[in-house]
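Engineer: show me how the following folds:
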Amino acid sequence: MNKNSNTYQILYAAVMVLLVGSLLALIYMALKPKQNENIANDTRKQILSALHIAAPDDSQVKETYEKYIIQDLLVDPEGNVVDSAQNVAFNVDMKKNVKLDERQLPVMKCKMDDGSIKYVLPMYGAGLWGPIWGYVAVNDDGNTIYGANFSHEGETPGLGARIADKDFQDLFVDKHLFLNGEYKGVVVLKKGQKSVTGAEQIDALTGATITSLGVSAMLEDCLAPYKSFLMKLQGNSGAQPAADAAETEINDNQPE
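Structural biologist: Numbering: from 1, shown residues only. Next comes the predicted model:
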């Protein structure tokens with residue numbers, strides 16, 4: 001075949017594209033498990049951060065996470081546990097979940113070194129330039145925020161990106177979701193503004209009002225569905241607390 005012909009050049013290019021494409025696909029498949037594990041570890045770090053737990057180093061993230069997160073739960077809008085399989089909450093894709101008419105409500109139960117129990121609730125929303133997400137840890141009183149962690153995809157450095165700063169996240173510690181027995185949530189408002197619902201509030205980041213309001217909207221949208229679950233933790237329903245019910249169910253299924 002004439003190497004200078006158009007046919008030869010087209011065939012040569014096609015073969016090279018096929019070979020390179022196949023090689024890249026093989027490399028991608030080989031690296032994908034490691035990439036997925038890195039993504040999972042980053043999520044674990046964020047959840048641990050909401051609990052004020054720092055993993056010693058990257059190689060111990062999963063081990064540290066499994067030490068403290070003792071149970072995954074899915075609850076329904078009435079606060080009842082509908083699933084408690086391993087990693088069932090961790091594996092919920094919140095980006096897709098928040099768009100569903102009937103959302104899954106994942107909860108991660110944590111036992112701290114002092115024996116106290118915390119419940120981590122994930123969330124997902126929109127900032128100024130893209131998605132924002134986070135985790136709020138609630139004490140076992142079903143009311144008081146123990147810690148929070150927020151992340152973003154592309155907020156402005158030095159402005160909206162500061163939602164990922166510890167100084168901002170620590171403002172949520174000890175805020176209450178219920179006041180006088182009524183669910184209020186927590187809102188983020190410009191300094192000087194007052195919540196119309198009486199909810200406890202956080203001052204918005206200076207120069208990042210839209211991102212701050214995005215955090216506030218995310219909290220309202222993603223925490224409110226847990227109202228019944230949180231009330232059961234408080235014992236206000238008269239029913240068996242959701243977490244205890246899950247533990248009873250699991251214990252009943254254990255072999256003797």
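Engineer: what about stretch 15-26, distance to the chain center?
Structural biologist: Its chain's average C-alpha position is 37 Å from that of stretch 15-26, according to CA atoms, centre = their mean, to the nearest Å.
Engineer: in it, what's buried?
Structural biologist: Residues of stretch 15-26 classed as buried: none (neighbour count, 16 or more other CB atoms under 10 Å). Yep, even glycine has a C-beta here, placed from its N, CA and C like the rest.
Engineer: CA atoms of it as PDB?
Structural biologist: Extracted in PDB, the C-alpha atoms of stretch 15-26 (Å, rounded to 0.1, in the frame of the first residue of the first chain):
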ATOM      1  CA  VAL A  15      -5.400   2.200  14.200                       C
ATOM      2  CA  MET A  16      -3.400   4.600  16.300                       C
ATOM      3  CA  VAL A  17      -6.600   6.100  17.800                       C
ATOM      4  CA  LEU A  18      -7.900   2.600  18.500                       C
ATOM      5  CA  LEU A  19      -4.600   1.600  20.200                       C
ATOM      6  CA  VAL A  20      -4.300   4.800  22.300                       C
ATOM      7  CA  GLY A  21      -8.000   4.700  23.200                       C
ATOM      8  CA  SER A  22      -7.700   1.100  24.400                       C
ATOM      9  CA  LEU A  23      -4.600   1.900  26.400                       C
ATOM     10  CA  LEU A  24      -6.200   4.800  28.100                       C
ATOM     11  CA  ALA A  25      -9.300   2.700  28.800                       C
ATOM     12  CA  LEU A  26      -7.100   0.000  30.500                       C
END
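Engineer: tell me the bridge partners for the residue lying closest to Gln46 once chain neighbours are set aside.
Structural biologist: Residue nearest to Gln46 in three dimensions, not counting chain neighbours: Asn149, with 4.9 Å by CB to CB, 6 or more residues apart in numbering. Under DSSP bridges, the beta-bridge partners of Asn149 are Tyr135.
Engineer: so who does Asn149 touch?
Structural biologist: Contacts for Asn149 (CB atoms under 8 Å, 6 or more residues apart in numbering) come out as 46-47, 49-50, 134-135, 169.
Engineer: let's see that with 7 Å instead.
Structural biologist: 46, 49-50, 134-135, 169 (CB atoms under 7 Å, 6 or more residues apart in numbering).
Engineer: equivalent analysis for Tyr135, please.
Structural biologist: By CB under 7 Å, 6+ apart, the contact set of Tyr135 is 46-47, 50, 120-122, 148-149.
Engineer: now do the SS call for the residue positioned nearest the centre of the chain.
Structural biologist: The centroid of the chain falls nearest to Pro122 when counting by CA atoms, centre = their mean (3.2 Å). Secondary structure state of Pro122, per DSSP: H, G, I helix; E, B strand; the rest coil, is strand.
Engineer: who does it bridge with?
Structural biologist: Tyr135.
Engineer: against Leu100, how distant is it?
Structural biologist: Per CB to CB, to the nearest Å, Pro122 is found 14 Å from Leu100.
Engineer: again with Leu24
Structural biologist: Leu24 is 34 Å from Leu100, by CB to CB.
Engineer: ok, for Ser49, nearest residue in space, not its chain neighbours?
Structural biologist: In space, and not counting its chain neighbours, Ser49 is closest to Asn149: 4.3 Å by CB to CB, 6+ apart.
Engineer: same question but for Tyr65, I mixed them up
Structural biologist: In space, and not counting its chain neighbours, Tyr65 is closest to Arg44: 4.1 Å by CB to CB, 6+ apart.
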